[in-house]
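Participant: No letters, just coordinates:
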């Protein structure tokens with residue numbers, strides 16, 4: 001990973017194959033990890049090389065050396081905002097980690113670099129999109145962010161996301177509620 005982080009990823013591939021394999025890069029939701037092996041076996045059985053990355057500093061095995069000004073009391077999304085150097089934003093590092101994974105996978109001799117795809121839900125959906133934006137050879141993305149069926153209009157204002165004030169102290173923004 002970037003800035004000295006050690007990024008962990010699980011890898012599965014079919015036991016028997018010929019030629020180069022398509023690859024699926026998987027990214028997990030906020031606070032999660034790359035998941036169990038069983039959830040990936042179906043993709044490998046379908047002929048894919050699967051690479052599931054743990055996001056730095058969340059609940060998986062990846063490490064994060066940090067070294068930013070500010071806190072994460074309200075979550076990683078604000079980490080690095082108090083630092084004057086935008087190079088220190090947490091999600092900048094995570095986005096670059098996804099692109100490094102893609103480049104590494106595309107360089108493997110058993111992977112077809114023209115058939116690498118990304119997949120994720122929630123935070124993982126955003127990472128799947130960011131990875132594809134940073135690596136133009138990725139042609140397809142399966143991202144589950146939220147859908148119209150999951151949008152609920154609130155009758156009364158809520159301070160449930162007051163941590164956003166930390167973000168808007170550093171950059172102009174607007175707040176809306178997504179989720180329960």
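Facilitator: Looks like it arrived, so ask away. Keep in mind the model is a prediction, meaning the values are calculated, not measured.
Participant: Okay, buried residues for the biggest helix by length in the chain please.
Facilitator: Under DSSP state H, the helix in the chain containing the largest number of residues is helix 90-106. Buried residues in helix 90-106, counted by 16 or more other C-beta atoms under 10 Å: 90-91, 93-102, 105-106. All C-beta atoms are positioned from the backbone trio N, CA, C, and that covers glycine.
Participant: Please name every helix or strand in contact with it.
Facilitator: For helix 90-106, the packing partners by 3 or more C-beta pairs under 8 Å, 6 or more residues apart in numbering; DSSP states H and E come out as strand 21-27, strand 49-53, strand 111-121, helix 123-134.
Participant: Point out the one among those that comes closest to residue 84.
Facilitator: helix 123-134 (23.4 Å; C-beta to C-beta).
Participant: Tell me which helix or strand comes right after the closest one.
Facilitator: strand 140-144 (DSSP states H and E).
Participant: That next one pairs with which strands?
Facilitator: strand 111-121 (parallel) (DSSP bridges).
Participant: residue contacts, the residue at minimal distance from the centre of the chain?
Facilitator: For the chain, the residue nearest the mean C-alpha position is residue 127 (3.4 Å; C-alpha atoms, centre = their mean). Residues near residue 127 by C-beta atoms under 8 Å, 6 or more residues apart in numbering: 27, 55, 94-95, 98, 118, 120.
Participant: hang on, the earlier thing: determine which stretch of the helices and strands packed on helix 90-106 is the most buried.
Facilitator: strand 49-53 (a mean of 26; mean count of other C-beta atoms under 10 Å).
Participant: can you list contacts of that one?
Facilitator: Contacts of strand 49-53 (C-beta under 8 Å, 6+ apart): 7-13, 21-28, 34-35, 40, 43-44, 62, 97-98, 101, 105, 108, 110-111.
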